[in-house]
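Engineer: what would the 3D arrangement of this be:
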Amino acid sequence: MSQPILPERVGGARRAFFERGASPAGAVPDAILQSWRRCQRQGLSVDARPDVAPVPELSLRELRQRRERLWRLARPELEGLASSLASSDGIVLLTDEEGWVLDAEGSNSFLDRAGQVALMPGVRWDEGTVGTNAIGTAIVEGRALQVRGGEHFFAPHGILTCSATPIFDPFGQRVGVLDISGDARHAHLHALALGRHAVDQIEHRYFADGLDDCELLHLHAQPLLLGSPREALLGFRNGRLVAANRVGLGLFGLDRHDIGHASYEALFDQPLSHLHDDGLLLDRQGRALYGHADGRHHARAASAVPARGPRVAPAAVAPAELAAPGTVLAAPVQQQLRQAVRVVDAGLPVLVQGETGTGKEVFARELHRRCARAGQPLVAVNCAALPEGLIEAELFGYEEGAFTGARRQGSTGLLRQAQGGVLFLDEIGDMPLALQPRLLRVLQERELSPLGGGRPVKLDFALVCASHCDLQQAVADGRFRADLYYRIADHVVHLPALRELDERAALLQALWAPMAQGRVLQAEVLQVLQKQRWPGNLRQLQACLRTLVALSDPGEQITPAHLPAELLRAPVALAGSASTASGGLRDIAEDVMRQALQATDGNVSAAAKQLGISRSTLYRRLGQPAAR
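Structural biologist: Numbers count the residues shown, from 1 in each chain. Predicted structure coming up:
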């Protein structure tokens, strides 16, 4: 592990380099020293203050629109990291491949401080503009790195410690950067590891839709890690490696420059038929790698990889009742999923309701995988993430010249991209009220006309919607149209909060197993994790487990010392169901509820919020009829 860079050492290095022209080798990392030299060659003056300001809101929206896929795939990691950083004066930022900041979330107080030095959406943080900084220097270096305090080129940026990791698409092209920034006065020992782990998740999602005309191999020496971001992903076309993730490249000692050049035969000692038939493949080093090839591309890619023996038919597809690799579903959710599949196959819409982090998108993707339209596309649209001024164009498409900034060839729109498959409208409760009548009309008529004119297009897709807010209450409040609600809610699924599940221990172990790599959660750690309220539900629990992985080595014992301090101080959750608790525990839980009611002067809503349960659960557990 590298030694910490002390402020006085950095100060001495800055004086030696900028005042005396010396080379303070060893006083700062070599990447920082090289960056300082590049900045000087570009004519930047260390005594100046960078003159930067965010672009206008419309330009920022256009930036986000052009990087919509990156923004959509990174969003779950941004939300997970932001919730972890909110209490520790840290923020997480997403930029495009040129360093333009697209999004920033986390601690409100530190967002304000970062804004004082223009570390905010709409500003470009490349070396040529703002000197040495984690985002810009990571872009130049092509790797993850951290820039601490005075290591920044410009003195005002010394309030920051930033850890940036480039994001690459399957073909080795840089598409963005994820950065975790915080107060330079505090140590940020694990920020780089957390950022790398988040980027692995994002890059893994880029492969989720498969690769055209490719044989996509999923491989790992440990079968339990298949389907997770720790698996190696390698795409071959005509026997040539054309796509890979970081794990896949590292497995064979390759780098991104080898994409497009390395051959299948140089890496593997057996034909691909062995993987199809046995789920196992030997590489040139004799290592046994478990896995499978992406079945969606077998037919068109059957001749893509040279075989040294007779081709063997691919193994049968896993039974529909089995969840996709890496997917963990609680027993009550499995039952709801089976019902939802029947509803979708009958041509009826499904609405999924649940708190943030309960797995609404996971449910929708598994629903698509099991329904009759599984071979057709799943188009997921986050209604809360699309820029409000562009959401109509993104959904319905537009003709060339329909508005300022429209693409020359126009756009088909996301609804038409779902043709024949499943359209998933996530966070539909956040759709602007003014746009809801047009969506209603499209759903009723199953026909749309792009913005700017054009011939009406008939639509054919199954509809799945999701929202974290109570849509019936939104209808009552006038925030959501009643007619649209009844159009999308033929069948409503309510996903339980994590604290309401009786099987928290089994679910915790199922989530932990694919990422453990021999790590063992001590009994005290298991007890703490099982008793948490987890207001962020599965997303928060998974983020915590990923953090434990980042803070430990394979085979290590995870002790309470690895847990965040705020987790040890957090109040415990109540049992999910009185029927499964012992009489003594049930009495204790009811006493806690009555004390909460007394403390809130009988305000049921306030007591339920304090306890982290719903009002109906509180009424039921106390044996009282729910209020009307």
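
Engineer: now for Arg14, which secondary structure element holds it?
Structural biologist: helix 7-14 (DSSP states H and E).

Engineer: in that helix, what's buried?
Structural biologist: Within helix 7-14, the residues that qualify as buried are 9-10, 13-14, counting by 16 or more other Cβ atoms under 10 Å. From N, CA and C alone the C-beta is placed, and that goes for glycine too.

Engineer: and if you look at stretch 464-474?
Structural biologist: Applying 16+ other Cβ under 10 Å to stretch 464-474 flags 464-469, 471, 474 as buried.

Engineer: how about residues contacting that stretch?
Structural biologist: The contact list for stretch 464-474 (Cβ atoms under 8 Å, 6 or more residues apart in numbering) reads 344, 349-356, 360-361, 363-364, 367-368, 422-430, 480, 485, 488-489.

Engineer: now do 7 Å
Structural biologist: If you take Cβ atoms under 7 Å, 6 or more residues apart in numbering as the criterion, stretch 464-474 is touched by 349-356, 360-361, 364, 367, 422, 424-429, 480, 485, 488.

Engineer: one step back: out of the buried residues of helix 7-14, which is nearest to Gln334?
Structural biologist: Closest approach between those and Gln334, by Cβ to Cβ: Val10, at 54.7 Å.

Engineer: ok, now which ones touch the closest one?
Structural biologist: Contacts of Val10 (Cβ under 7 Å, 6+ apart): 28, 149-151.

Engineer: any idea how far it is from Val352?
Structural biologist: Distance, Val10 to Val352, using Cβ to Cβ, to the nearest Å: 51 Å.

Engineer: do Thr161 as well
Structural biologist: To Val352, Thr161 is 40 Å away according to Cβ to Cβ.

Engineer: rewinding a little: Ser228: which of the buried residues of stretch 464-474 is nearest?
Structural biologist: Here the nearest of the buried residues of stretch 464-474 to Ser228, counting by Cβ to Cβ, is Ala466; it sits at 23.5 Å.

Engineer: tell me if that closest one really is in a strand.
Structural biologist: Yes. Assessed by DSSP: H, G, I helix; E, B strand; the rest coil, Ala466 belongs to a strand.

Engineer: tell me what it is bridged to.
Structural biologist: Val352 (DSSP bridges).

Engineer: quick one on the thing from earlier: could you dump the buried residues of stretch 464-474 to TSV with distance to Ile139 and pLDDT?
Structural biologist: Formatted as TSV, the buried residues of stretch 464-474 follow (distance: Cβ to Cβ, whole Å; pLDDT from 0 to 100):
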residue	distance to Ile139	pLDDT
Val464	38	96
Cys465	38	96
Ala466	35	96
Ser467	37	95
His468	35	92
Cys469	38	91
Leu471	42	94
Ala474	42	92
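
Engineer: what is the neighbour count of Phe396?
Structural biologist: By other Cβ atoms under 10 Å, 22 other residues sit near Phe396.

Engineer: measure it to Gln557 for me?
Structural biologist: 55 Å.

Engineer: still on that earlier bit, and the contacts of stretch 464-474, which are buried?
Structural biologist: Buried by 16+ other Cβ under 10 Å: 349-356, 360-361, 364, 367, 422, 424-429, 480, 485, 488, out of those.

Engineer: so which of those residues sit within helices?
Structural biologist: Among those, the ones falling in helices (DSSP state H) are 360-361, 364, 367, 485, 488.

Engineer: rewinding a little: which of the contacts of Val10 has the most neighbours?
Structural biologist: Glu151 leads these on contacts (other Cβ under 10 Å) with 28 neighbours.

Engineer: what's the distance between the closest residue to it other than its chain neighbours and Ile558?
Structural biologist: If the residues on either side of it in the chain are set aside, Glu151 comes closest to Ile32, at 4.8 Å by Cβ to Cβ, 6 or more residues apart in numbering. The gap separating Ile32 from Ile558 is 34 Å, by Cβ to Cβ.

Engineer: what about the stretch 151-300 of the chain, any weak spots by pLDDT?
Structural biologist: Low-confidence segments of the stretch 151-300 of the chain, defined by pLDDT under 70: 209-210, 295-300.

Engineer: let me see the ranges of the strands in it.
Structural biologist: Taking DSSP state E, counting those that start in this stretch to define them, one finds strands in the stretch 151-300 of the chain at 160-168, 174-183, 215-220, 232-237, 240-244, 280-282, 288-293.

Engineer: Ser84: which of those strands is closest?
Structural biologist: Per Cβ to Cβ, nearest to Ser84 of these: strand 174-183, 9.7 Å.

Engineer: give me the sheet partners of the closest one and which way each runs.
Structural biologist: strand 90-96 (antiparallel), strand 160-168 (antiparallel).

Engineer: pipe those into a markdown table and attach mean neighbour count and distance to Arg66 per row.
Structural biologist: Shown next, in a markdown table, are the strands paired with strand 174-183 (neighbours: other Cβ atoms under 10 Å; distance: least, Cβ to Cβ, whole Å):
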| stretch | mean neighbour count | distance to Arg66 |
| --- | --- | --- |
| strand 90-96 | 26 | 8 |
| strand 160-168 | 26 | 15 |
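
Engineer: those strands: which one's closest to Arg446?
Structural biologist: Arg446 lies closest, by Cβ to Cβ, to one member of the strands paired with strand 174-183: strand 90-96, at 35.6 Å.

Engineer: which ones are touching Asp89?
Structural biologist: Contacts of Asp89 (Cβ under 7 Å, 6+ apart): 107, 109-110, 182-183.
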